[in-house]
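1. Any chance you could fold what I've pasted below:
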Amino acid sequence: MEKREVRVFVSSTFRDLAEERDELARHAFPELRRFCAGRGLPWTDVDLRWGITDEQGAEGEVLELCLGEISKCRPFFIGILGNRYGWVPDSISPDLLSREPWLADSLGRSVTELEICHGVLNHPHLAADALFYFRTSADEPDSRVQALKTRVQQSGSQVRPFREPRELAGLVVADIKAAITRRFSEQPVDENTAATLRHARFGECHRRVPMRQRSLFDELEATAMGTADRPLVVVGPPGSGKTGLTAGWWQDFQARHPEVAGMVHHIGADVDSTDWATTARRILGVCRTIAVTHSSRLPMRVRGAVDSPKAGPQHRMRELAGALALARSSARGRNPWSWIC
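-> Numbers count the residues shown, from 1 in each chain. Alright, predicted model coming up:
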């Protein structure tokens, strides 16, 4: 079965192409995320400037992480080359060499070149799906960069020149949209379904680190099943694993309680995740879906708050919160309408 997902790896040197990568992150990728959402496709862009810790860099894990992400993203690969050749690792771990024997002859080559080899050059059948962009400049490029550009051009991959970041962003948007259109049949979905896909994919990306704190899982479970006496808020500093914990718990909970309907909303999952009006519409839309498919579980007062025809999202959200609180209190712990933040 065709895997309906768009996961794109971006390969380039960092210091000389930082503006280009920023332009993609700020403008191109949000537009592509919306384009994919309209087709029911989860979108993920992988830019490892933000995904590699200092500890991982110091322990020589950079190359292993890069190659692993490229494999997950196939066939989508974006390569951007300027004049710099990039960082050359001092060594390659024995474990990585055992998994990728072709690296045995790769000492002295930059991580960027090794990414391009793993993404395209070592796999000619993937060349047609890869997208390359060469920045034009009056400066003479490193001879190693010029040799790499020649190999890319000979591979059969699409290569486009560009002069400045905004031009690059426009090219990437047009090319990725064309690639998605060719690869996937269009399956339009409503915005609530598209948002659910985006948030689910965001949670999957944060479940890479196992988060199995049993005591916290038990507290989350008690809240979700309506046996706790108040909402639960999970707090912690940035990077402490809140999203990994809740996403991992929700996957585990759903597997054991498929009869319990719910909605997951991750801040940062998409450009609208912090907008209260959009979030309100999403919550109301999910509740309306539950009302249709699980009407016996949706209290009458909740249905009335959701379906109020004239009220705006803010008013309806106040009504909904009050109705859910009343439903919980009247159910005496037997109604699984709970809030976990």
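
2. where exactly do the helices run in the protein?
-> All helices of the chain, identified by DSSP state H, fall at 18-23, 29-37, 54-58, 62-73, 94-99, 111-116, 143-155, 165-183, 191-205, 214-224, 242-256, 276-293, 300-307, 313-331.

3. Any idea which of these gets closest to residue 136?
-> helix 165-183 (10.1 Å; CB to CB). Heads up, the C-betas are built off the backbone N, CA and C, glycines and all.

4. average pLDDT for that closest one?
-> What helix 165-183 shows for mean pLDDT is 95.

5. now it and helix 29-37, what's the angle there?
-> Computed by axes from the mean of the first three to the mean of the last three CA atoms, to 10 degrees, the angle separating helix 165-183 from helix 29-37 equals 10 degrees.

6. Give me the distance from helix 165-183 to the chain's centre.
-> Offset of helix 165-183 from its chain centre (CA atoms, centre = their mean, to the nearest Å): 18 Å.

7. again, but for stretch 244-253
-> Its chain's average C-alpha position is 16 Å from that of stretch 244-253, according to CA atoms, centre = their mean.

8. State the number of residues packed around residue 171.
-> Summarising burial for residue 171: neighbours were counted as other CB atoms under 10 Å, giving 16.

9. Would you format the helices of the chain as TSV with distance to residue 9 included?
-> Output for the helices of the chain, formatted as TSV (distance: least, CB to CB, whole Å):
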stretch	distance to residue 9
helix 18-23	12
helix 29-37	12
helix 54-58	17
helix 62-73	4
helix 94-99	17
helix 111-116	8
helix 143-155	15
helix 165-183	12
helix 191-205	13
helix 214-224	33
helix 242-256	22
helix 276-293	29
helix 300-307	41
helix 313-331	37
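
10. Can you tell me which of the ones you listed is most buried?
-> Neighbour counts (mean count of other CB atoms under 10 Å) averaged over each of those peak at helix 111-116, with a mean of 23.

11. what mean pLDDT would you report for it?
-> Mean per-residue pLDDT for helix 111-116: 94.

12. Give the other helices and strands that it contacts.
-> strand 6-12, helix 62-73, strand 77-81, helix 143-155 (3 or more CB pairs under 8 Å, 6 or more residues apart in numbering; DSSP states H and E).

13. so can I have CSV of the ones you listed showing mean pLDDT and distance to residue 239?
-> Listed next are those as CSV, based on pLDDT from 0 to 100; distance: least, CB to CB, whole Å:
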stretch, mean pLDDT, distance to residue 239
strand 6-12, 93, 22
helix 62-73, 88, 17
strand 77-81, 96, 26
helix 143-155, 94, 34
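
14. Residue 284 is nearest to which of these?
-> The minimum distance between residue 284 and these falls on strand 6-12, with 28.1 Å, by CB to CB.

15. In the closest one, which residues are buried?
-> 6, 7, 8, 9, 10, 11, 12 (16 or more other CB atoms under 10 Å).

16. Could you dump those into TSV and include distance to residue 151?
-> As requested, the buried residues of strand 6-12 are exported to TSV (distance: CB to CB, whole Å):
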residue	distance to residue 151
6	26
7	25
8	22
9	18
10	19
11	14
12	16
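
17. what's the closest of the residues you listed to residue 108?
-> For those, the residue nearest residue 108 by CB to CB is residue 11; the value is 18.5 Å.

18. Tell me if I'm right that residue 72 and residue 6 touch.
-> No - between residue 72 and residue 6 there is no contact under CB atoms under 8 Å: 12.0 Å.

19. mind giving me the domain split of this structure?
-> 6-183, 191-331 (automatic domain parsing).

20. Compare the mean pLDDT across those and name the weakest.
-> Lowest mean pLDDT within these: domain 191-331, a mean of 70.

21. circling back to that earlier point, can you tell me which of the helices and strands packed on helix 111-116 comes nearest to residue 26?
-> strand 6-12 (13.4 Å).

22. Okay, now the sheet partners of the closest one, with direction.
-> Pairing partners of strand 6-12, with direction, according to DSSP bridges: strand 43-46 (parallel), strand 77-81 (parallel).

23. deepest of these, which one?
-> Counting by mean count of other CB under 10 Å, the most buried of the strands paired with strand 6-12 turns out to be strand 77-81, with a mean of 24.

24. then that one to PDB, C-alphas only?
-> Provided in PDB are the C-alpha atoms of strand 77-81 (Å, rounded to 0.1, in the frame of the first residue of the first chain):
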ATOM      1  CA  PHE A  77      15.300  14.900  -0.900                       C
ATOM      2  CA  ILE A  78      16.300  18.600  -1.400                       C
ATOM      3  CA  GLY A  79      20.000  19.400  -1.900                       C
ATOM      4  CA  ILE A  80      21.200  23.100  -1.900                       C
ATOM      5  CA  LEU A  81      24.800  23.800  -2.900                       C
END
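
25. quick check: angle from that strand to helix 143-155?
-> In terms of direction (the same axes, to 10 degrees), strand 77-81 departs from helix 143-155 by 140 degrees.

26. Give me the contact list for strand 77-81.
-> Outside strand 77-81, the residues that touch it by CB atoms under 8 Å, 6 or more residues apart in numbering are 8-13, 17, 20-21, 70, 112, 115-116, 119-120, 126, 129-135, 145, 148-149, 152, 157, 168, 172.
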